[in-house]
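A.B. asks: got a sequence here, can you model it:
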Amino acid sequence: MKTPKHILSIIVFSQFCCTSLWFAGNAIITDLSLNFNLSQSALGQLTSSVQFGFIVGTFLFALFTVSDRFSASKVFFFSALLASVFNLFSLYSGNTLISLIAIRFATGFFLAGIYPVGMKIASDYFEKGLGKSLSYLVGALVLGTAFPHILKAELITFNWKTIIVTTSCLSFSGGLLILLFVPDGPFYKKAFQFDSRKIVTVFKNPKFKSAAFGYFGHMWELYTFWAFVPLLLKTYLSIHITKSFNIPLFSFLIIALGSLGCIIGGNLASKYGSKTIAKAALSISGICCLVSPLFFYINSELIFLSFLIIWGMSVIADSPLFSTLVAQNSSLDSKGTALTIVNCIGFAITIFSILLFNKLTELVSPTYLFTILILGPIFGLIHLGKKA
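C.D. replies: Residues are numbered from 1 along each chain as shown. Below is the predicted model of the structure:
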């Protein structure tokens, strides 16, 4: 049976609506800090709490095989509902640092029932062409990730309370759309018993392990690159003092154009295979890491910014393809758990990578600093190259 065309559009739109709690929430961290008279150190705690919540959430969702034992569409809806409710608690005038951290943590926790579960829903509908389908889904999320930078560019202004209410409404609406119009797909197979061992046994499949470890290498580079794009731009301007450009605006463009990289990668994967294109994207981003010191000294903004755009497109293009490989190399009643545990480990790696990179900024010149990111692509390519 052919999947109706509207299914993918609804999944992509709903994912974008629900994950707005994540990226738009990060955009108002400074507003929360100022409104509740928090110290400067609170910014880091509020920013990381949603990430930790997501990691804990994905671990527990995977451990209890939630999206394999229950309807993925219903898991998505209730996660979106609870995340939107916790997000609204940010409006309470009596909030303290502790309560705000708890709110952001809870929001991140229930995002674990949205992002990986949304991919699971897509995999239940699109057995063939899954890479292309997931490329649109991840591409929409990339645009969301870039959103805070466009706010900082001061081209448009929003009231932080309006953002909270709007994102909660979007999350509820996205969850409702999935519940009403995207029932469990034709390739859905329910797991009838609880089996916490799945988070370990899925790695016994060599093809799954290859895809998962490739994804882990990809995640080492991805979020650190995104987090420090402004540092790349600032470093270039500090070397070329006669040059000038809007750093938040170009940070937005470099990250946002990654959505185009996802779509191009997904279309190429449908012709050449997900593994082949994932290897190519990982190789290109790895080369960008390696040659990055050279581009800081090129006296042309156009060449430098073009290089960063290519890097920004290649660094994310393989993400939906790795998720495709993970789903394709999991049993039907383990796909949800497989996608969730891989997300859990991948996002845990991003925290370690960002913390290490942040520490190295005190010890290493920024012009050479980004070469450390090549460790991720090398690790990923080694594991993708292993024969199952």
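
A.B. asks: do you know the pLDDT at Lys234?
C.D. replies: Lys234 carries a pLDDT value of 95.

A.B. asks: just checking, it touches Phe245?
C.D. replies: No - using CB atoms under 8 Å, Lys234 makes no contact with Phe245, being 10.7 Å away. For every residue, glycine as well, the C-beta is placed using N, CA and C.

A.B. asks: report the contact partners of Thr166.
C.D. replies: The contact partners of Thr166, taken as CB atoms under 8 Å, 6 or more residues apart in numbering, are Ser20, Ala24.

A.B. asks: which SSE is it in?
C.D. replies: Assigned by DSSP states H and E, Thr166 belongs to helix 160-181.

A.B. asks: how about that helix: buried residues?
C.D. replies: 160, 163-164, 167-168, 170-172, 174-175, 177-179 (16 or more other CB atoms under 10 Å).

A.B. asks: export the residues you listed to a markdown table and tack on pLDDT and distance to Ser353?
C.D. replies: Formatted as a markdown table, these follow (pLDDT from 0 to 100; distance: CB to CB, whole Å):
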| residue | pLDDT | distance to Ser353 |
| --- | --- | --- |
| Trp160 | 90 | 29 |
| Ile163 | 88 | 28 |
| Ile164 | 92 | 29 |
| Thr167 | 90 | 27 |
| Ser168 | 94 | 31 |
| Leu170 | 92 | 30 |
| Ser171 | 94 | 28 |
| Phe172 | 97 | 33 |
| Gly174 | 95 | 29 |
| Gly175 | 97 | 31 |
| Leu177 | 97 | 34 |
| Ile178 | 97 | 32 |
| Leu179 | 96 | 36 |
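
A.B. asks: that older thread, any buried residues in the helix or strand that the helix holding Thr166 is followed by, and which?
C.D. replies: Downstream of helix 160-181, the next assigned helix or strand under DSSP H and E is helix 198-201. Residues Lys198, Ile199 are the ones in helix 198-201 that count as buried (16+ other CB under 10 Å).

A.B. asks: contact partners of helix 198-201?
C.D. replies: Residues from elsewhere that reach helix 198-201 (CB under 8 Å, 6+ apart): Ala62, Leu63, Thr65, Asp68, Ser334, Thr337, Ala338, Ile341.

A.B. asks: so what's the last one up against?
C.D. replies: Shown here is Ile341, whose contacts under the criterion CB under 8 Å, 6+ apart are Thr58, Phe59, Ala62, Ile199, Val202.

A.B. asks: Throw the residues you listed into a markdown table and include pLDDT, thanks.
C.D. replies: As requested, the contacts of Ile341 are exported to a markdown table (pLDDT from 0 to 100):
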| residue | pLDDT |
| --- | --- |
| Thr58 | 95 |
| Phe59 | 94 |
| Ala62 | 91 |
| Ile199 | 86 |
| Val202 | 90 |
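
A.B. asks: what residue of the protein is the furthest out?
C.D. replies: In the chain, counting by CA atoms, centre = their mean, Thr242 sits farthest out from the average C-alpha position, at 35.4 Å.

A.B. asks: does that one belong to a helix, a strand or coil?
C.D. replies: The three-state label given to Thr242 by DSSP: H, G, I helix; E, B strand; the rest coil is coil.

A.B. asks: okay, helices next: where are they in the stretch 51-200 of the chain?
C.D. replies: With helices called from DSSP state H, counting those that start in this stretch, the stretch 51-200 of the chain shows them at 66-69, 72-88, 97-111, 115-125, 130-152, 160-181, 198-201.

A.B. asks: with respect to burial, which of those helices scores highest?
C.D. replies: helix 115-125 (a mean of 27; mean count of other CB atoms under 10 Å).

A.B. asks: for the closest residue to Ile164 other than its chain neighbours, give me its contacts.
C.D. replies: With sequence-adjacent residues excluded and distances taken as CB to CB, 6 or more residues apart in numbering, Ile164 is closest to Ser90, at 5.3 Å. Counting by CB under 8 Å, 6+ apart, Ser90 makes contact with Gly25, Leu32, Leu100, Ile103, Ile164.

A.B. asks: widest-spaced pair of those?
C.D. replies: Leu100 and Ile164 (11.7 Å; CB to CB).

A.B. asks: I'd say Ile303 and Tyr297 touch.
C.D. replies: No - using CB under 8 Å, Ile303 is not in contact with Tyr297, being 10.9 Å away.

A.B. asks: using PDB, list the CA coordinates for the host helix or strand of Gly312.
C.D. replies: Using DSSP H and E, Gly312 sits in helix 301-317. Output of helix 301-317 as PDB, limited to C-alpha atoms (Å, rounded to 0.1, in the frame of the first residue of the first chain):
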ATOM      1  CA  GLU A 301      35.000  37.300   3.100                       C
ATOM      2  CA  LEU A 302      33.200  35.600   0.200                       C
ATOM      3  CA  ILE A 303      35.600  32.600   0.100                       C
ATOM      4  CA  PHE A 304      35.700  32.300   3.900                       C
ATOM      5  CA  LEU A 305      31.900  32.400   4.300                       C
ATOM      6  CA  SER A 306      31.400  30.000   1.300                       C
ATOM      7  CA  PHE A 307      33.800  27.600   3.000                       C
ATOM      8  CA  LEU A 308      31.700  27.700   6.200                       C
ATOM      9  CA  ILE A 309      28.500  27.200   4.300                       C
ATOM     10  CA  ILE A 310      29.900  24.100   2.600                       C
ATOM     11  CA  TRP A 311      31.100  22.900   6.100                       C
ATOM     12  CA  GLY A 312      27.600  23.700   7.500                       C
ATOM     13  CA  MET A 313      25.900  21.700   4.800                       C
ATOM     14  CA  SER A 314      28.200  18.700   5.000                       C
ATOM     15  CA  VAL A 315      28.300  18.500   8.800                       C
ATOM     16  CA  ILE A 316      24.600  17.700   9.000                       C
ATOM     17  CA  ALA A 317      23.800  16.000   5.600                       C
END
